[in-house]
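> Quick one: sequence and predicted model below, then my questions.
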Amino acid sequence: MRIEHVSKRFGSVQAVDDLSFTVQPGRVTGFLGPNGAGKTTTLRMLLGLVVPGAGSATIGGLTYRELDRPARVVGAALEAASFHPGRTARDHLRVYAPQVGVPDGRCDEVLALVGLGAAAGRRVGGFSLGMRQRLGLATTLLGDPRVLVLDEPANGLDPEGIAWLRGFLRHLASEGRTVLVSSHVLSEVQQTVDDVVIVADGRLVHSSTLAALATLAGRTVRVASPDVAGLQRLVADSWPGAVEPPDDARPDRVVLRDVDASAVGAAAFAAGLELHELTTQETGLEDVFLQLTNGQAVVA
């Protein structure tokens, strides 16, 4: 799956701006960004529901409209599925089976796959939100697609439902499928995804493996001393490669990355250096995500 220099404007609003990224098979990719970042518009262009103003969005080198029997190639859920409350779960899927080109027996297969086998004969009107989410996912799987595109699939799920979804998406990726999941909350998907694509204001701000993104998180120690020259010597002798760019113009303060405050305090004591500040700040993945989407620089 490839998005190449895609742009889309709606009137005066630039929804997507020269966006490019690739989604690999056998991996779960998190497509992340705040509400209004352009995620849904990008997915709609990928699925042929919106025509790009520039660039291309392809699956296996073809646009969605060029795919032969696209529901057998791509399973997509871009919004909360609507269900007739009087239909059973099985009958809901039987409505879609002929359109996808699969026999009725496939309906029971996918219901079992998402854990609704025992509820196949129950009316959807009595389903919980989590069960409805599972039924929506079963609908996307009818054609046994190799590509899944899911927009905010964990919305409204309770912790048990989120845990189930994480495991299920990991299972689908382990079968070699390409799985793209959008979300506006990194913490919601960070235990699921292998790769992350982060957008803000329609533009790409970060693309990497989750492990590479995690290297941007960490611990910093802020050290201040009235003896500016002594502080600079201490840092140069002990942690020359750990100095972060200054977050203010104060010459008496240094910010060190991934250094223990206790080690700094001990070294300052041994050097007879008076300290006026020695504080530790933890930066988690969610903090990095917020900094990226708010336009703040993040140092690797």
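Received, thanks.

> what's the helix or strand for P25?
Assessed by DSSP states H and E, P25 sits outside every helix and strand.

> Need the nearest residue in space to G130, chain neighbours excluded.
G161 (3.9 Å; CB to CB, 6 or more residues apart in numbering). All C-beta spots, glycine's among them, are computed from the backbone N, C-alpha and C.

> swap in P145?
Here the residue nearest P145, using CB to CB, 6+ apart, is G75, at 4.0 Å.

> you'd agree the one you found is in a strand?
Yes - counting by DSSP: H, G, I helix; E, B strand; the rest coil, G75 is found in a strand.

> Hmm, it is touching L148, no?
Yes - in this structure G75 lies within contact range of L148 using CB atoms under 8 Å: 5.0 Å.

> tell me, what's touching these two both at once?
Taking CB atoms under 8 Å, 6 or more residues apart in numbering as the criterion, G75 and L148 both touch T140, L141.

> Among these two, which residue is more densely surrounded?
Ranked by neighbour count (other CB atoms under 10 Å), G75 and L148 place G75 first, with 26 against 22.

> and the more buried one, what pLDDT?
The model reports G75 with a pLDDT of 96.

> and S82, which of the three is it?
Classification of S82 by three-state DSSP places it in coil.

> actually A173, not the one I wrote
Of the three states, A173 takes helix under three-state DSSP.

> ok, now V223?
Secondary structure for V223, judged by three-state DSSP, is strand.

> all helices in the stretch 51-200 of the chain, in order from the N-terminus.
89-100, 105-113, 129-140, 159-174, 186-189 (DSSP state H, counting those that start in this stretch).

> closest one to V259 among those?
Set against V259 and scored by CB to CB, the helices of the stretch 51-200 of the chain come closest in helix 186-189, at 25.7 Å.

> Check which residues of that closest one are buried.
L186, E188, V189 (16 or more other CB atoms under 10 Å).

> Dump those to a markdown table, plus distance to R134 and pLDDT.
Below are those laid out as a markdown table (distance: CB to CB, whole Å; pLDDT from 0 to 100):
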| residue | distance to R134 | pLDDT |
| --- | --- | --- |
| L186 | 24 | 88 |
| E188 | 17 | 82 |
| V189 | 18 | 88 |
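
> wait, which of those is closest to I59?
The nearest one, if we look at these relative to I59 and count by CB to CB, is V189, at 21.2 Å.

> Looks like the closest one contacts S183 (just checking).
Yes - assessed by CB under 8 Å, V189 is found in contact with S183 at 4.9 Å.

> Common neighbours of those two, please.
Between them, V189 and S183 share the contacting residues G30, L32, A154, judged by CB under 8 Å, 6+ apart.

> Export the helices of the stretch 51-200 of the chain to JSON lines and append columns for distance to Q291.
Below are those laid out as JSON lines (distance: least, CB to CB, whole Å):
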{"stretch": "helix 89-100", "distance to Q291": "42"}
{"stretch": "helix 105-113", "distance to Q291": "39"}
{"stretch": "helix 129-140", "distance to Q291": "31"}
{"stretch": "helix 159-174", "distance to Q291": "25"}
{"stretch": "helix 186-189", "distance to Q291": "11"}
